[in-house]
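Undergrad: have a look at this prediction, sequence included:
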Amino acid sequence: MTDVLRASVVNWDALGRETIDLLRQYLMLDTTNPPGNETVGARFLEEVLARDGIASETVESAPGRGNLVARLRGDGSEGGIVLHHHIDVVYADRRYWTVDPFGGLIRDGFLYGRGALDMKSTGILHLAGMLAIKRAKIPLKRDLILLATADEEAGSQFGAQFVADRHRDWLAGAEYALSELGGIYPASGSTAPFGTIVTSEKTGLPLRLTARSEPGHGSMPWPDTAPNRLIRALARLLEAERPLRVLPEVQEYFAKLGSVLPGEAGRGYDDLAHSLGEAGFRRAFLAKRQQAAMVRTTFAVTVLKGSEKRNVIPPEAVADIDCRLLRGDDPEEIVSWVRGVIADERVEVSLINPSPKIPNSSPPDTPLYKALGLALGRRAPGVVVAPDILVGFTDNWVFRNCGLHGYGFSPFILGDEEWRRVHGNDERISLENLREGARCHTEMLLDLAAA
Ligand SMILES: [Zn+2]
């Protein structure tokens, strides 16, 4: 579709206003997970779609845990695009918010609410795009499939995984899955805006360390109690250096990032594997938590359990480790590496989940990836775009395992100040991001799917 035609088929001002209004209503529905209660969100989407004659289907994976699908049909000559978002949001601690997290308040050019960024806003962009394309009666070559899922914030069992296991037909004919994260960092402080498209993500490999020894009285401790063994094992694990590995897309990410950073800030980013061999560079690079997590499998000690009583030395002490796997690392190798570094046969190392999630990825050269890059360029002229590996997890992992190419895409321009509010306090999105984001996202769909 040409730029001129695209500009004329949709009333962009009206779509922008509608996007803001729809998100306001969606944010006012409390879908905090747990319990989720996503069906109220699904019913809302269902009503909005029905007003424009788009049929949808809602199925509950458990009481209240609604998942919704709706499809705009193309001629089937090319593969469909699944636009998926999660309806659930994380808990909002009202004591630390200055506004009602479910009040739908607009103040100083921002719409506030839990889910404003993660990720009801993206879901509403998907919805707005479908509505605009339906109203304009634009013939499509690809199906557009709107998918709203439950439970992403608590592991996806009642959402994306449920769809993959029980409603695979909802994905029929699809080639791509598009979802949250990625986006544009503003140029402030650098030479150009920096855009990212998520192509892969790390996966969780929860580990358990269990130390065992004789129980006894707290008044007469000895060196090899179960808690003492566990503490020494953990100390050795924390001291150990997991080898660093630079994946090709991580290298590309840092090379592009280095190209927009001012002055010396990006020095060494063009050949990261080499630069990480220098002690000074390595120390500075790894001091940034997110960067450090992009180049290695990580181990976070999160749960510790010992005795129920202070004067009882327990026969068992347990630590759960939130281990996150870098693509290419093998769970068996990780477990034996951990056994090796803790070097104590009386501390058992086990996988909490016997069938671990293996990281997957989608190539950064598909027609969709290219269209996403062009869209970011329209949203922020001069933007430098790089593929990104998330250190967290999203539902795209599930849909890649169903054979789709899955990407995280966002047309929002957000700085650190806004990102800090995700899962934090006073989460919000600017009205400008909503208006321009709805246009950018819809134009991208027209580029890719219009016949
Ligand atoms: Zn999310």
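TA: Structure's in. What do you need? Numbering: from 1, shown residues only.

Undergrad: the ion contacts on this structure?
TA: Residues of the chain lying close to the ion (Cβ under 5 Å from the ion) are 118, 119. Any C-beta I mention is one placed from the backbone N, CA and C, and that applies to glycine too.

Undergrad: sheet-wise, list the partners of the longest strand anywhere in the chain with their directions.
TA: Taking DSSP state E as the assignment, the strand of the chain that covers the most residues is strand 316-325. If you go by DSSP bridges, strand 316-325 pairs up with strand 203-204 (antiparallel), strand 207-212 (antiparallel), strand 298-305 (antiparallel).

Undergrad: deepest-packed of those strands, please.
TA: strand 207-212 (a mean of 21; mean count of other Cβ atoms under 10 Å).

Undergrad: helix or strand right after that one?
TA: In the C-terminal direction, the helix or strand that comes right after strand 207-212 (DSSP states H and E) is strand 216-217.

Undergrad: show the model's pLDDT score for residue 1.
TA: Reported pLDDT at residue 1 in the predicted model: 69.

Undergrad: redo the strands paired with strand 316-325 as CSV? Include mean pLDDT.
TA: Formatted as CSV, the strands paired with strand 316-325 follow (pLDDT from 0 to 100):
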stretch, mean pLDDT
strand 203-204, 94
strand 207-212, 98
strand 298-305, 96
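
Undergrad: tell me the helices and strands packed up against the next helix or strand after the longest strand of the chain.
TA: The helix or strand immediately downstream of strand 316-325 is helix 331-342, counting by DSSP H and E. Where contact means 3 or more Cβ pairs under 8 Å, 6 or more residues apart in numbering; DSSP states H and E, helix 331-342 is packed against strand 207-212, helix 226-239, strand 316-325, strand 347-351.

Undergrad: before we move on, back to that, quick one: the longest strand of the chain to chain centroid distance?
TA: With Cα atoms, centre = their mean, to the nearest Å as the basis, strand 316-325 stands 23 Å off its chain's centre.

Undergrad: what's that strand in contact with?
TA: 202-212, 225-227, 229-230, 234, 237, 293, 297-306, 331, 334, 352, 356-359, 391 (Cβ atoms under 8 Å, 6 or more residues apart in numbering).

Undergrad: can you say which of the strands paired with strand 316-325 is nearest to residue 185?
TA: Among these, strand 298-305 comes nearest to residue 185, with 23.2 Å by Cβ to Cβ.

Undergrad: run the chain-centre distance for the closest one.
TA: Worked out by Cα atoms, centre = their mean, strand 298-305 lies 22 Å from the chain centre.

Undergrad: what angle do that strand and helix 331-342 make?
TA: With axes from the mean of the first three to the mean of the last three Cα atoms, to 10 degrees applied, the angle from strand 298-305 to helix 331-342 works out at 70 degrees.

Undergrad: what is whichever helix or strand comes after strand 298-305 packed up against?
TA: Reading on from strand 298-305 to the C-terminus, the next helix or strand found by DSSP H and E is strand 312-313. For strand 312-313, the packing partners by 3+ Cβ pairs under 8 Å, 6+ apart come out as strand 216-217.

Undergrad: number of nearby residues for the closest residue to residue 326 other than its chain neighbours?
TA: Residue nearest to residue 326 in three dimensions, not counting chain neighbours: residue 297, with 4.7 Å by Cβ to Cβ, 6 or more residues apart in numbering. Burial measure for residue 297: 23 neighbouring residues, criterion other Cβ atoms under 10 Å.

Undergrad: now do the contacts for residue 297.
TA: Here residue 297 is in contact with 202, 205, 242, 323, 324, 325, 326, 329, 334 (criterion: Cβ under 8 Å, 6+ apart).

Undergrad: just residue 305 next, same as before
TA: Contacts of residue 305 by Cβ under 8 Å, 6+ apart are 317, 318, 319.

Undergrad: mean confidence score for stretch 253-271?
TA: Stretch 253-271 comes out at a mean pLDDT of 93.

Undergrad: next, the distance between the ends of that stretch.
TA: Terminal residues of stretch 253-271 are spaced 11 Å apart (Cα to Cα, to the nearest Å).

Undergrad: buried sites along that stretch?
TA: 253, 254, 255, 256, 257, 258, 259, 260, 261, 266, 268, 269 (16 or more other Cβ atoms under 10 Å).

Undergrad: longest helix anywhere in the protein?
TA: helix 431-449 (DSSP state H).

Undergrad: mean confidence score for that one?
TA: Per-residue scores along helix 431-449 average to 96.

Undergrad: so how far is that helix from its chain's centroid?
TA: Using Cα atoms, centre = their mean, the offset of helix 431-449 from its chain centre is 20 Å.

Undergrad: tally up the residues packed near residue 422, please.
TA: If we define neighbours as other Cβ under 10 Å, then residue 422 has 15 of them.

Undergrad: ok, now which ones touch the residue nearest the centre of the chain?
TA: Closest to where the C-alpha atoms of the chain average out (Cα atoms, centre = their mean) is residue 394, at 4.0 Å. Residue 394 makes contacts with 152, 179, 180, 181, 198, 201, 408, as judged by Cβ under 8 Å, 6+ apart.

Undergrad: low-confidence regions, this protein specifically.
TA: 1 (pLDDT under 70).

Undergrad: same thing but 50
TA: Counting by pLDDT under 50, the chain shows no low-confidence range.

Undergrad: what about the residue in the stretch 151-300 of the chain that the ion sits nearest to, how many residues nearby?
TA: The stretch 151-300 of the chain approaches the ion most closely through residue 180 (5.0 Å), counting by Cβ to the ion. Neighbour count for residue 180, taken as other Cβ under 10 Å: 23.

Undergrad: skip the chain neighbours and tell me the closest residue to it.
TA: Nearest-residue entry for residue 180: residue 119, 4.2 Å, with adjacent residues in sequence omitted and distances by Cβ to Cβ, 6+ apart.

Undergrad: residue contacts, the one you found?
TA: By Cβ under 8 Å, 6+ apart, residue 119 lies in contact with 85, 86, 179, 180.

Undergrad: secondary structure class for the first one?
TA: So that's residue 85. Following DSSP: H, G, I helix; E, B strand; the rest coil, we place residue 85 in the strand state.

Undergrad: the closest residue to it other than its chain neighbours: which element?
TA: Leaving aside its chain neighbours, residue 85 sits nearest to residue 123 (3.4 Å; criterion: Cβ to Cβ, 6+ apart). Assigned by DSSP H and E, residue 123 falls within helix 120-135.

Undergrad: can you give the distance of whichever helix or strand comes after that helix from its chain's centre?
TA: Proceeding N to C from helix 120-135, the next assigned helix or strand is strand 144-149, under DSSP H and E. Distance of strand 144-149 from its chain centroid, counting by Cα atoms, centre = their mean, is 16 Å.

Undergrad: swap in stretch 172-179?
TA: 17 Å.

Undergrad: which residues sit against it?
TA: Here stretch 172-179 has contacts from 76, 78-85, 119, 122, 126, 142-143, 145, 366, 368, 394-396, 399-400, 404-409, using Cβ under 8 Å, 6+ apart.

Undergrad: any of the residues you listed buried? List them.
TA: Here, 16+ other Cβ under 10 Å leaves 78-85, 119, 122, 126, 142-143, 145, 368, 394-396, 399-400, 404-409 buried among the contacts of stretch 172-179.
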